[in-house]
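Asks: need coordinates for the below:
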Amino acid sequence: MMAREVLTLGQVRIHGGGATREEAMKEAADILQAAGAVTGGYYDAMQQREQTVSTYMGNELAIPHGTNETKDTILESALSFVRYDGGVDWGGEPVSFVVGIAGKGDEHLGILSQIAILFSDEDDVARLKAAQTPEELFGLLSSVNAS
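Replies: Reported below is the predicted structural model:
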C-alpha cells in the first residue's frame, strides 16, 4: 500500500516579504490544519514547544512542531513548507525556511531526517532559495515523500 504523501503542492508557499516568528508558526499550523493533519490546538502546541526549546535548526531553517504532551492534536503525518524571502527573526536567528511538521507516532523521525539531509547540503539550500515557484520548490522537496 502506498503511504499518503506528507507534503503536497498545496502545502508549499513562497512569500516575498518577511514575518514574525509567531506569524510563521501560525501559517505553518494553519497549512497543516487545512491539510487535515492537525486540530486547531496545534498552533498552541507549537508555541509550547518553542517556549521550552527553540526549533531553529541552522542553515536558515526552523522546524516548529508540537510537544509530546500534545500528540492528541495530530491526526496524521504532514509537512508545511514556507519560504520567506524577507526572512523571519527566530529568536535572534535569521530564518528563510519554516517547515511545520506533524508526525503521527514516530513517523516524524523519518521525515525530520529527510529534511536534515536536504538542509545539510549548501547546494541544496541554494537551490531551495533560488526556486521561483511553489511548483519548483515542491519538486526539490519531493524526497520527503519517499521516507
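Asks: looking at this protein, which helix or strand is least sure?
Replies: helix 107-119 (a mean of 85; mean pLDDT, DSSP states H and E).
Asks: how close does residue 64 get to residue 139?
Replies: Relative to residue 139, residue 64 is positioned 24 Å away (C-beta to C-beta, to the nearest Å). C-beta coordinates here come from the backbone N, C-alpha and C atoms, glycine included.
Asks: so in the protein, which strand runs the longest?
Replies: In the chain, assigned by DSSP state E, the strand with the most residues is strand 78-90.
Asks: and that one, how far out from the chain middle?
Replies: Relative to the mean C-alpha coordinate of its chain, strand 78-90 is positioned 8 Å out (C-alpha atoms, centre = their mean, to the nearest Å).
Asks: also stretch 118-137?
Replies: Mean C-alpha position of stretch 118-137 versus that of the full chain (C-alpha atoms, centre = their mean) differs by 14 Å.
Asks: spatially nearest residue to residue 50 (excluding sequence neighbours)?
Replies: Of all residues not flanking residue 50 in the chain, residue 64 sits nearest, at 6.5 Å (C-beta to C-beta, 6 or more residues apart in numbering).
Asks: quick one: secondary structure of the one you found?
Replies: Here residue 64 takes the coil state, with states given by DSSP: H, G, I helix; E, B strand; the rest coil.
Asks: look up the pLDDT of it for me, please.
Replies: pLDDT for residue 64: 96.
Asks: so where do the helices sit in the chain?
Replies: 21-34, 42-52, 107-119, 122-130, 134-141 (DSSP state H).
Asks: any chance of the ones you listed in TSV, plus distance to residue 101 and mean neighbour count?
Replies: Listed next are the helices of the chain as TSV, based on distance: least, C-beta to C-beta, whole Å; neighbours: other C-beta atoms under 10 Å:
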stretch	distance to residue 101	mean neighbour count
helix 21-34	8	21
helix 42-52	10	18
helix 107-119	6	17
helix 122-130	16	13
helix 134-141	13	17
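Asks: Provide the contact partners of the least confident helix or strand of the chain at residue level.
Replies: The list of residues contacting helix 107-119 from outside it, by C-beta atoms under 8 Å, 6 or more residues apart in numbering, reads 6, 57-59, 61, 63, 65, 77, 79, 97, 99, 101-103, 124-125, 128, 141, 143-144, 146-147.
Asks: and the angle from it to helix 122-130?
Replies: When axes from the mean of the first three to the mean of the last three C-alpha atoms, to 10 degrees is applied, the directions of helix 107-119 and helix 122-130 differ by 90 degrees.
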